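Novice: quick one: sequence and predicted model below, then my questions.
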Amino acid sequence: ASHHRLWSEIDNVVKQQVAWARLGVGESGTGWQLFAEDGEMRMYRREEEVDGMVVDPLKAVHIVKGITGHEVCHYFFSPQYRYDWETTLEQMTVLETISEDTCLFLQTHKRIWPASQRDVIFWSHLRHLPNDQDRDGPDIWTVVNHSTEHKDYPANAGKCVRIYLTVCMLCQTRVNPPKDGAPISRDDISCKITYCSVVNPGGWAPASVLRAVYKREYPKFLKRFTAYVTNQTKDKSIMF
Ligand SMILES: O=S(=O)(CCO)c1ccc(-c2ccc(C3CCCC3)c([C@@H]3C[C@@H]3c3ccccn3)c2)cc1
């Protein structure tokens, strides 16, 4: 069914996250600190705490040649590829396939000493926001992951501390059509990726440990994931 029980929440969160992702990191005065750079990738964070816990919002902007936003979102959303690129994942369960573009996931992440192990339940929604209204507007593909509850998996019932997150992978494809009217090849395309994430670690974890984990894991994650998509797509026809 096009409208399922989570539809209105998903619609609201997706619209909010797309607007947030499209806001630039602005001039340095806006509180965004550049903390990692690698080629075309720029990673920013804001230092924020909720009840003494580090919940630093993260925003990464990356430009990757040879892949499309649809391809990035396909490999980010689809459960069957996740163990290939998500290195901190210990266990992933699809609790529910709500529709072909909406799933409910339960994930446990590898323990990061000295913090206790974490798990998370989130809905994941893949959406194409075509620019058919104004031709020169952006053609956006996005995946939004947002924490939710599940009656069979109450928070903090087992050994894991439940974390809460909102993640947005927003992509815009750029095509430079070849001069001689030849068919578009992967050399003529690139994808501008904006990855936003806010992770509430649930129970207390030392701020210094969490910030060190974020500083190490996020750049590694985005580099590894985009390299994975490049490698998976290089010999396949372009998915626009
Ligand atoms: O983009 S996703 O939706 C992709 C689906 O998997 C996603 C991204 C990140 C997480 C995540 C979950 C737990 C933790 C920590 C918090 C306290 C102890 C464990 C971390 C820390 C930030 C480090 C981290 C960053 C990036 C990738 C993996 N690890 C991240 C979960 C999902």
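Specialist: Received, thanks.
Novice: what is the host helix or strand of Ala19 packed up against?
Specialist: For Ala19, the host element (DSSP states H and E) is helix 7-22. Where contact means 3 or more C-beta pairs under 8 Å, 6 or more residues apart in numbering; DSSP states H and E, helix 7-22 is packed against strand 118-129, strand 140-147, strand 164-175, strand 189-200. Bear in mind the C-beta positions are built from the backbone N, C-alpha and C, glycine included.
Novice: now the second one against helix 7-22, angle please.
Specialist: With axes from the mean of the first three to the mean of the last three C-alpha atoms, to 10 degrees as the criterion, the two stretches strand 140-147 and helix 7-22 enclose an angle of 120 degrees.
Novice: quickly run through the sheet partners of strand 140-147, with directions.
Specialist: Next to strand 140-147 in the sheet, as set by DSSP bridges, lie strand 118-129 (antiparallel), strand 164-175 (antiparallel).
Novice: hmm, the first one touching the ligand?
Specialist: The reference is to strand 118-129. Yes. Strand 118-129 comes into contact with the ligand (C-beta under 6 Å from any ligand atom), by way of 118, 120.
Novice: got the CA positions of that strand in CSV?
Specialist: The C-alpha coordinates for strand 118-129 follow below in CSV (Å, rounded to 0.1, in the frame of the first residue of the first chain):
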residue,chain,number,x,y,z
ARG,A,118,24.9,-0.7,21.1
ASP,A,119,21.8,-1.6,19.1
VAL,A,120,19.4,0.4,17.1
ILE,A,121,16.0,0.0,15.4
PHE,A,122,15.2,2.3,12.6
TRP,A,123,12.9,2.6,9.6
SER,A,124,14.8,3.2,6.3
HIS,A,125,13.1,4.9,3.3
LEU,A,126,14.4,5.3,-0.2
ARG,A,127,12.8,8.2,-2.2
HIS,A,128,13.3,9.9,-5.6
LEU,A,129,12.5,13.6,-5.7
